[in-house]
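Engineer: build me a structure from this.
(one chain, ligands or ions: 1)
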Amino acid sequence: MATMTHARPMQAGKDAGPQSEAQPILRQRGREIQPYGTLAKYPLGLSEEVRAESVAELNQVLSDTIVLRDLYKKHHWQVSGPTFYSLHLLLDKHYEEQTKLVDLLAERAQTLGGIAIAMPQDVAETTKIERPPRGREEVPVQLSRLLEAHEHILVEARAAAKKAEQAGDAGTADLLVSSVVRANEMQVWFLSEHLVDTPLVRAK
Ligand SMILES: [Fe+2]
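Structural biologist: From the prediction side, this is the model:
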């Protein structure tokens, strides 16, 4: 009786390797189809100079927004003390809102034909927001870091919006004001109220 075997005789070029149509082509690398800092041309009625300037500004705000977003998650995890629960929830809410801004900013950069900065290594090289320690800090310090990051982004986003508006890029200006500035201002209010030293039980 013949013995069944699953092993097929090896034939050069006839195994189920890359020659098979069903075989995924793995571990591929290639050249970049668009280098960072260059623009694809879309028929938007905006000059290359205007689009390049807007993309550069958007990428700066994007980098800082990614860092602020991640600072929110860090503090959502590492917050401590009697206000733990409300802060834990609030910080995550702000994280989610910042995540939406990240997507809007990145997709605006792509819409203009540019390339949105994306990876943490690249963001770390670009952001202007101070790096916190890996360890855990006191609540007032955590909130102060967040507020300083917000203020930095607000100043930057308003200036970028003004520049875009003057250059005729109303779409970028609108995004920066209607989404970025307004959301950041609101979050500043919510955080700032946690730093008011008011009695919890007995009035002074
Ligand atoms: Fe969580």
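Engineer: show me the contacts for the residue nearest the centre of the chain.
Structural biologist: Geometric centre of the chain, nearest residue: I66, 3.2 Å, by CA atoms, centre = their mean. Residues near I66 by CB atoms under 8 Å, 6 or more residues apart in numbering: 102, 117, 120, 123, 127. (Each C-beta comes from the backbone N, C-alpha and C, glycine too.)
Engineer: now intersect these with the strands, please.
Structural biologist: Within the contacts of I66, no residue falls in strands by DSSP state E.
Engineer: returning to what we had before: and the gap between the residue nearest to the centre of the chain and T99?
Structural biologist: I66 is 9 Å from T99, where distance means CB to CB, to the nearest Å.
Engineer: what subset of the contacts of I66 is buried?
Structural biologist: 102, 117, 123, 127 (16 or more other CB atoms under 10 Å).
Engineer: what's the pLDDT at the second one?
Structural biologist: Going back to what we said before, that points to I117. At I117, the model reports a pLDDT of 98.
Engineer: same check on R8?
Structural biologist: Per-residue confidence at R8 stands at 49 (pLDDT).
Engineer: so can I have a markdown table of the buried ones among the contacts of I66 showing distance to V181?
Structural biologist: Output for the buried ones among the contacts of I66, formatted as a markdown table (distance: CB to CB, whole Å):
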| residue | distance to V181 |
| --- | --- |
| V102 | 15 |
| I117 | 20 |
| V123 | 21 |
| T127 | 18 |
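Engineer: just those residues now: which is nearest E32?
Structural biologist: Lowest distance from E32 to the buried ones among the contacts of I66 (CB to CB) belongs to I117, with 14.2 Å.
Engineer: now the closest one: how far from L200?
Structural biologist: 43 Å.
Engineer: next up, the contacts around Y36.
Structural biologist: Contacts of Y36 by CB under 8 Å, 6+ apart are 115, 117.
Engineer: which element, helix or strand, includes it?
Structural biologist: Per DSSP states H and E: Y36 is located in neither a helix nor a strand.
Engineer: and the gap between it and L62?
Structural biologist: 13 Å.
Engineer: A157 is in contact with V61, isn't it?
Structural biologist: Yes - here A157 reaches V61: they are 5.4 Å apart, a contact under CB atoms under 8 Å.
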